[in-house]
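# Need coordinates for the below:
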Amino acid sequence: MNGIRWVVATGLILAATSHAQTRSAHPVADAQALDLAKRAIALRSVAGPDNKTPEVAALYKAALVAGGFADRDVEITRVGDTAYLIGTWPGSDPALKPLVISGHMDVVEAKPSDWKRDPFTPVVEKGYLFGRGATDMKLDGTIAIAALTELRRRGYKPRRTIVIEFSGDEETTMRTSAIIAEKLKNAELVLNIDGGGGVLDEKTGKPEYFTWQGAEKTYADFEITVTNPGGHSSAPRPVNAIVQLSRVLDRIGAYRFKPELSPLTRAALTAAAPYEEPAIGKAMLAFVADPTDQRAIATLAANPSTVGRIGTTCVPTMITGGHALNALPQKATANINCRIFPGHKPAEILAELKRVGAEPAATFTDVTEGSVPNDASPMRADFIAAINRAMGRIYPGVPVFPSMASGASDSMWFRYHGVPSYGASPTFLKESDDFSHGLNERTPVMNIAPGITYYLSLFADLSK
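So this is what the prediction gives:
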């Protein structure tokens, strides 16, 4: 690579990392991470025509091989218009199950006409890397690659095999995600660098707290259908498919699943309470103390940001019905989207919705695609100690605690196979700067140097 470009990139990173460390201990890796991220962002890895995900895979492979991986140990496999990558760094003890570092290369669509700048022309401006994938998750991916390269440069020899893998359709069908998890279902533990992360104070820009993800709610879509012979609208009948369906939806809309606590959400709610609005934080602590506290439940259930943390949620999201303006409906259908609390299977929730709907004429069907049930990962002492140690090396004293995600990531597929998976990205953002999947996506480049220090610690700790 061009030496001048690397020096300039390093200067940008070092200028932006004053509250983490005044001088980076690994300037070559820092510059590599930023350069790779910019080159990856420039590749439009969006599902559909001219999908550049295979080219991102080739870029990442070249970096891994240049960093010491054997060419034969970095495999790229095409799947339709996309591809996935699996790179293996063999450990000295083949009896140990591998440590997997998991990410993805694809991004959601971004239309240049909607953005202030072209989403696939990366630029660093005022301390931010702009471009589609800057946050989700090309910069995180290249920081991990640069950290592995730095470990090799320093002569590190893992006892446990390290596998780094990138799926190619995490943002859409997750076909490659499922394939990778099936291939690596013998893993000891997965570090999903597409989850977790830290929050920066809105005023000072300093790290406020860091969370790692130990669970995700199971995504499910259930279809409710009411059919009827129909007829002429001038001769109404006592039974009407649309009316019947509307009654079912009204009951489901008013229903609340039993609030729940798990060891992980108990720890998460307790630790997060001080960072919420006083009324919300007080309700969190009251709920942890007594999960049947109706006042606390009412407060948390009324808040969109907390209702999902205390149990399963199901909500109508689509409805269709009828076939003509002057005819009685022959069919009415609705979709219910659910985010299921870990520990419950979709069939159980579907049965509960059917009881709540209380309409014999309605049929309930699971129409979920691209999702599988998964339980929370265990709160492993070795992982928690390693992540606390890694975070302490870059931001001493910053609170570290677990969290549960409401959406699906590649962790879902590993947990489905019983492999513990943890969201463990070291990226810190202001909440007002989170533009993942949105316009003008950007991430502070100050994350690069501390992110590499964090990964050097975490990867070595878990592969010894």
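
# Mind telling me what element K61 is part of?
Secondary structure assignment for K61, by DSSP states H and E: helix 53-66.

# Could you export stretch 200-211 as PDB, CA atoms only?
Extracted in PDB, the C-alpha atoms of stretch 200-211 (Å, rounded to 0.1, in the frame of the first residue of the first chain):
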ATOM      1  CA  LEU A 200     -20.500   8.200  24.300                       C
ATOM      2  CA  ASP A 201     -21.700  11.100  26.400                       C
ATOM      3  CA  GLU A 202     -23.700  13.500  24.200                       C
ATOM      4  CA  LYS A 203     -22.000  16.600  25.600                       C
ATOM      5  CA  THR A 204     -18.500  15.500  26.500                       C
ATOM      6  CA  GLY A 205     -18.000  12.700  23.900                       C
ATOM      7  CA  LYS A 206     -16.400  10.600  26.600                       C
ATOM      8  CA  PRO A 207     -17.200   6.800  27.000                       C
ATOM      9  CA  GLU A 208     -20.200   6.500  29.300                       C
ATOM     10  CA  TYR A 209     -20.700   2.700  29.400                       C
ATOM     11  CA  PHE A 210     -20.200  -0.500  27.400                       C
ATOM     12  CA  THR A 211     -22.500  -3.400  26.800                       C
END
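
# List the buried residues in it.
Judged by neighbour count (16 or more other CB atoms under 10 Å), stretch 200-211 contains these buried residues: L200, P207, E208, Y209, F210, T211. The way it works is simple: take the backbone N, C-alpha and C, and place the C-beta from them, glycine included.

# One more: stretch 403-412?
Residues S403, M404, A405, A408, S409, D410, S411, M412 are the ones in stretch 403-412 that count as buried (16+ other CB under 10 Å).

# any idea which of the residues you listed is the one closest to A268?
S403 (5.1 Å; CB to CB).

# Beta-bridge partners for the closest one, please?
S403 has these beta-bridge partners by DSSP bridges: Q213.

# and it, what does it touch?
Counting by CB atoms under 8 Å, 6 or more residues apart in numbering, S403 makes contact with G196, T211, W212, Q213, G214, A268, A272, G423.

# need the contact list for the fifth one.
Translated: G214. Going by CB under 8 Å, 6+ apart, G214 touches L264, A376, S377, M379, P402, S403, M404, Y422, G423.

# Could you grab the helix/strand/coil label for the closest residue to the last one other than its chain neighbours?
Think G423. Distances taken as CB to CB, 6 or more residues apart in numbering place G195 nearest to G423, at 2.1 Å, with adjacent residues excluded. Here G195 is recorded as coil under DSSP: H, G, I helix; E, B strand; the rest coil.

# residue ranges of the strands in the stretch 151-300 of the chain, please?
In the stretch 151-300 of the chain, the strands defined using DSSP state E, counting those that start in this stretch lie at 162-167, 189-192, 197-200, 207-216, 218-227, 231-232.

# Please convert those strands to TSV, extending it with distance to C338 and mean pLDDT.
Formatted as TSV, the strands of the stretch 151-300 of the chain follow (distance: least, CB to CB, whole Å; pLDDT from 0 to 100):
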stretch	distance to C338	mean pLDDT
strand 162-167	24	98
strand 189-192	22	98
strand 197-200	25	96
strand 207-216	13	97
strand 218-227	4	97
strand 231-232	34	92
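
# Columns distance to V28 on top of those, output as a markdown table?
Formatted as a markdown table, the strands of the stretch 151-300 of the chain follow (distance: least, CB to CB, whole Å):
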| stretch | distance to V28 |
| --- | --- |
| strand 162-167 | 19 |
| strand 189-192 | 23 |
| strand 197-200 | 25 |
| strand 207-216 | 25 |
| strand 218-227 | 41 |
| strand 231-232 | 76 |
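
# ok, back up a step: need the contacts of S403 in JSON lines with distance to I41, can you?
Below are those laid out as JSON lines (distance: CB to CB, whole Å):
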{"residue": "G196", "distance to I41": "22"}
{"residue": "T211", "distance to I41": "26"}
{"residue": "W212", "distance to I41": "26"}
{"residue": "Q213", "distance to I41": "24"}
{"residue": "G214", "distance to I41": "30"}
{"residue": "A268", "distance to I41": "32"}
{"residue": "A272", "distance to I41": "32"}
{"residue": "G423", "distance to I41": "22"}
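
# and which of the residues you listed is nearest A57?
Using CB to CB, G423 comes nearest to A57 of the contacts of S403, at 22.3 Å.

# Let me see the contact set for N440.
Neighbours of N440 in contact, by CB under 8 Å, 6+ apart: W115, K116, R117, F130.

# and it, how far is that from R175?
Distance, N440 to R175, by CB to CB, to the nearest Å: 30 Å.

# Help me confirm that A386 comes into contact with Y455.
No - using CB atoms under 8 Å, A386 is not in contact with Y455; the gap is 11.2 Å.

# So which of those two has more stuff around it?
Y455 (28 against 21; other CB atoms under 10 Å).

# Does that one belong to a helix, a strand or coil?
Y455 - assigned by three-state DSSP - is helix.

# Just give me the least confident of the buried residues of stretch 403-412.
Among the buried residues of stretch 403-412, A408 carries the weakest pLDDT, at 82.
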